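Trainee: Sequence plus predicted model, see below.
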Amino acid sequence: MLGKHIKIEIFGTLSERILYSGFPVGNRTGDFRQIYVMADRELKGVVDCTVIAVALSENRIQNRLVAAPVGNIYYEPEIRSRLSEKFVHYDKLICMYEKSCGAVVYHRTRFGAVKVLLVKNHNGKCWTFPKGHVEKNETEQQTALREIKEETGLDVIIEPNFRKTNIYCPFGKIKKQVVFFLARTNENIVSMQHGEIDYYLWVTIDDAMHLCRHENDTRILHEVKKRLCR
């Protein structure tokens, strides 16, 4: 159902400009009858919407779709926040849009060489940069700083005027946005968070380009190299 375009007739307001309720018009939605609609403007009548989340309950009677007017994007923390404000019960939430933030962390050796940090996640197969999901009310930079500290134990300073975005579909209809900053640290001792990352490496930018398999990561490393190795 994620990504499905449906027309929804708005019939009730759980909280104005936060969460509406409605029914699909002329569409089959299986077990999902009542639908919650998120918006930041007043909704009336029939609205063209996209299904952005599925709230599943062990009691199938309470299964709900969450939709938003076409073109509106809401990420998981905001969806969870609005559902919780209205005491909507669910056991599992599957969201169409996911967002993570992190950084290319680097330090300079005493000889001036630049080394960047690569990590291999517990569930990942490739070398990448520390990152994690945005939590409620966090800015992108706050998320990056928190995730780097949690995963590596490093305190970092985010460099100005460097923000790169990767957008991809890891599977199905789910669309993931990853925002990377450039962050400097004076430390090189990493305290791995077990269960999150299994391995780490400090390597040159050129070596990192060879180790990273994803084109988006190597593209970011090229930008880092232009910034740091002038």
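Mentor: Ah, there it is. Every value quoted in this text rests on a predicted model; they were computed, and no experiment measured them.

Trainee: Is Ile146 in a helix, a strand, or coil?
Mentor: Careful, residue 146 is Arg and not Ile. With DSSP: H, G, I helix; E, B strand; the rest coil as the basis, Arg146 sits in helix.

Trainee: And for it, the neighbour number?
Mentor: When counting by other CB atoms under 10 Å, one arrives at 15 neighbours for Arg146. C-betas here are computed from N, CA, C, even on glycine.

Trainee: Same question for the one 4 residues further on.
Mentor: Neighbour count of Glu150, defined by other CB under 10 Å: 13.

Trainee: Offset the numbering so it begins at 37, please.
Mentor: New numbering, starting at 37: the last item is Glu186.

Trainee: Tell me if it really is in a strand.
Mentor: No: Glu186 is assigned helix when assessed by three-state DSSP, not a strand.

Trainee: what about the spatially most central residue of the chain, which helix or strand?
Mentor: What sits nearest the mean C-alpha location of the chain, by CA atoms, centre = their mean, is Lys135, with 1.3 Å. Per DSSP states H and E: Lys135 is located in strand 133-144.

Trainee: and that strand, which residues are buried?
Mentor: Using 16 or more other CB atoms under 10 Å as the test for burial, strand 133-144 gives 133, 135-143.

Trainee: before we move on, what about stretch 239-246?
Mentor: Applying 16+ other CB under 10 Å to stretch 239-246 flags 239, 241, 244-245 as buried.

Trainee: Could you export the buried residues of strand 133-144 to a markdown table, including columns for distance to Val150 and pLDDT?
Mentor: Shown next, in a markdown table, are those (distance: CB to CB, whole Å; pLDDT from 0 to 100):
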| residue | distance to Val150 | pLDDT |
| --- | --- | --- |
| Tyr133 | 34 | 90 |
| Lys135 | 28 | 91 |
| Ser136 | 24 | 93 |
| Cys137 | 22 | 96 |
| Gly138 | 18 | 96 |
| Ala139 | 14 | 97 |
| Val140 | 10 | 97 |
| Val141 | 11 | 98 |
| Tyr142 | 6 | 97 |
| His143 | 8 | 95 |
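
Trainee: May I have the beta-bridge partners of the closest residue to Glu183 other than its chain neighbours?
Mentor: Distance criterion CB to CB, 6 or more residues apart in numbering; nearest residue to Glu183, sequence neighbours excluded, is Gly168 at 3.5 Å. Per DSSP bridges, the residues bridged to Gly168 are Cys137.

Trainee: show me the contacts for Gly168.
Mentor: 136-138, 179, 182-183, 186-187 (CB atoms under 8 Å, 6 or more residues apart in numbering).

Trainee: Which helix or which strand is home to the closest residue to Lys40 other than its chain neighbours?
Mentor: Leaving aside its sequence neighbours, Lys40 sits nearest to Val87 (CB to CB, 6+ apart; 4.7 Å). Using DSSP H and E, Val87 sits within strand 82-92.

Trainee: what angle sits between that strand and strand 133-144?
Mentor: With axes from the mean of the first three to the mean of the last three CA atoms, to 10 degrees applied, the angle from strand 82-92 to strand 133-144 works out at 70 degrees.

Trainee: how much distance is there from strand 82-92 to the middle of the chain?
Mentor: 19 Å (CA atoms, centre = their mean, to the nearest Å).

Trainee: Restrict the following helix or strand past it to CA atoms and write it as CSV.
Mentor: As assigned by DSSP H and E, the chain's next helix or strand after strand 82-92 is strand 100-105. What follows is strand 100-105, C-alpha atoms only, in CSV (Å, rounded to 0.1, in the frame of the first residue of the first chain):
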residue,chain,number,x,y,z
ARG,A,100,-4.7,1.8,9.8
LEU,A,101,-3.3,3.5,6.8
VAL,A,102,-1.7,7.0,7.2
ALA,A,103,-1.8,9.3,4.2
ALA,A,104,-0.9,12.8,3.2
PRO,A,105,-1.9,15.1,0.4
